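Peer 1: Structure of the sequence below:
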Amino acid sequence: MHFTNLLIIMVVALIAPLVVSALPALRVPSPVLEIVAGIVIGPSVLGWVGVDAPVQVLALVGLAFLLFLAGLEIDVHRLRGRPLTLALTGFVVSFAIAIGVALLLTAGGFASAPLLIAIILCATSLGLVVPVLKDSGQITGATGQLIIAAASIADFGAVILLSLFFSEQSTGLAARLLLLAGLALVVVLLAVALLRAGRTARADRVFQMLMDTTAQIRIRFAMVLLIAFVALAQGLGFEAILGAFLAGAVLRLIDADAATVHPHTELKLDAIGYGFLIPVFFITSGVMFDAKALFTSPSTLLQVPLFLAALFMVRALPALLYRAELGMRRTMAAGFLQATSLPFIVAAVQVGQRLGALPAAAGAALITAGLASVLLFPAIALAIMRSAPSEDHLAVPPLLGRRSPRR
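Peer 2: Down below sits the predicted model:
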């Protein structure tokens, strides 16, 4: 075992945000640059880096941490009322459209495994959309609230569907539904137990005393929760990303006032994730990207704009449900932001290829479409928002009262 490949990846992880900072006019999100850099240094171009054991393990942990932080964005206490109703309805409509689009793509010979394609198309990248809303000052308004609700439901729904229908375990659907219900019951019981334990004065005193010492007790507790849920999900035959996502949501539920009472905890978790593990996942995804498969034939290249258009149709059209609340311009902006997706696409493509359900060419085209969505859709959405009327007259109950991601 050696660490040369990991060293090169970490150097790229160091350089990528410096390039983004030095070229503000480029407006490229760091994950996009990291994936592109991984493609360049990987076997598809320069061949400097391979995926050995250290890189593979850290990339897998990075994926889990990315979904963990995405789950941490969901505020269960505030996700209710009209925004929740619209978000749930929108996701149902989105999935119905996705099934139709996937069947058309499959019938045209542009894709296989229509259910997997439909699930991939349903996701919105919450971790990329929230910073865009925050940086533009839109996160606390009605538009931002609805987008956050929709992205949260889309992320959660896509992870559940992927884990339910695509897993290395060969159990039937009924058995998997039963296992999923059992997992949900365990999660609820554990959340209730942790809530009760956390409200005791003694536990609170111990955690306050040790949280900023070398014990870093809150961080260790978060890591135990993450690994425990990942192990539980895998033990029941689901993908690790489901456990990681649930761990973040549960931690957010039982520690709802973290942003105000002990904000350093979230900063530390972000430091572990975005400072180390998550860049390894994105760069490794680029290293594993099969660029040669993308250029095997003109039909493969044609899949990229087709998948990009499919992403827009599946996630943007349901945003029309918001027109009564937001007006047409802000509804259009919400549609473009909802159609922004990348991390889940990368994760789902890896799952599909591991199971043999997704050809290399289709996987490469999907990831390329995801990269294009991150480059194009947020910029278009912000341009539309700048020209939209003020939303002072809009009234959507607040959803967010917490952190502002730095990525």
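
Peer 1: any low-confidence regions in the stretch 151-300 of the chain?
Peer 2: Low-confidence segments of the stretch 151-300 of the chain, defined by pLDDT under 70: 167-173, 198-199, 256-262.

Peer 1: Tell me where it has helices.
Peer 2: Assigned by DSSP state H, counting those that start in this stretch, the helices in the stretch 151-300 of the chain fall at 173-198, 201-210, 217-235, 240-254, 258-261, 264-272, 278-288, 291-294, 298-316.

Peer 1: Reformat those as TSV; add mean neighbour count and distance to residue 82.
Peer 2: (Glycine included, C-beta is placed from N, CA and C.) Converted to TSV, the helices of the stretch 151-300 of the chain look like this (neighbours: other C-beta atoms under 10 Å; distance: least, C-beta to C-beta, whole Å):
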stretch	mean neighbour count	distance to residue 82
helix 173-198	14	25
helix 201-210	12	35
helix 217-235	18	31
helix 240-254	25	21
helix 258-261	14	24
helix 264-272	17	28
helix 278-288	27	33
helix 291-294	17	42
helix 298-316	20	20
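
Peer 1: between those, which gets nearest to residue 16?
Peer 2: Distance to residue 16, taken as C-beta to C-beta, is lowest for helix 278-288 among the helices of the stretch 151-300 of the chain, at 7.2 Å.

Peer 1: how far out from the middle of the chain is the closest one?
Peer 2: 15 Å (C-alpha atoms, centre = their mean, to the nearest Å).

Peer 1: I'd say residue 103 and residue 115 touch.
Peer 2: No - the pair residue 103 / residue 115 is not scored as a contact, 9.6 Å apart, by C-beta atoms under 8 Å.

Peer 1: Look up the closest residue to residue 317, ignoring the ones flanking it.
Peer 2: The spatial neighbour of residue 317 that comes closest, neighbours along the chain excluded (C-beta to C-beta, 6 or more residues apart in numbering), is residue 97 at 6.2 Å.

Peer 1: OK, contacts around the one you found?
Peer 2: 313-314, 317-318 (C-beta atoms under 8 Å, 6 or more residues apart in numbering).

Peer 1: just to revisit the earlier point, of all the helices of the stretch 151-300 of the chain, which one comes closest to residue 72?
Peer 2: For the helices of the stretch 151-300 of the chain, proximity to residue 72 was assessed by C-beta to C-beta; helix 240-254 is nearest, at 3.9 Å.

Peer 1: thinking again about what came up before, include distance to residue 123 when you put the helices of the stretch 151-300 of the chain into JSON lines, please.
Peer 2: JSON lines is the format used below for the helices of the stretch 151-300 of the chain (distance: least, C-beta to C-beta, whole Å):
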{"stretch": "helix 173-198", "distance to residue 123": "18"}
{"stretch": "helix 201-210", "distance to residue 123": "34"}
{"stretch": "helix 217-235", "distance to residue 123": "18"}
{"stretch": "helix 240-254", "distance to residue 123": "11"}
{"stretch": "helix 258-261", "distance to residue 123": "25"}
{"stretch": "helix 264-272", "distance to residue 123": "22"}
{"stretch": "helix 278-288", "distance to residue 123": "15"}
{"stretch": "helix 291-294", "distance to residue 123": "21"}
{"stretch": "helix 298-316", "distance to residue 123": "8"}
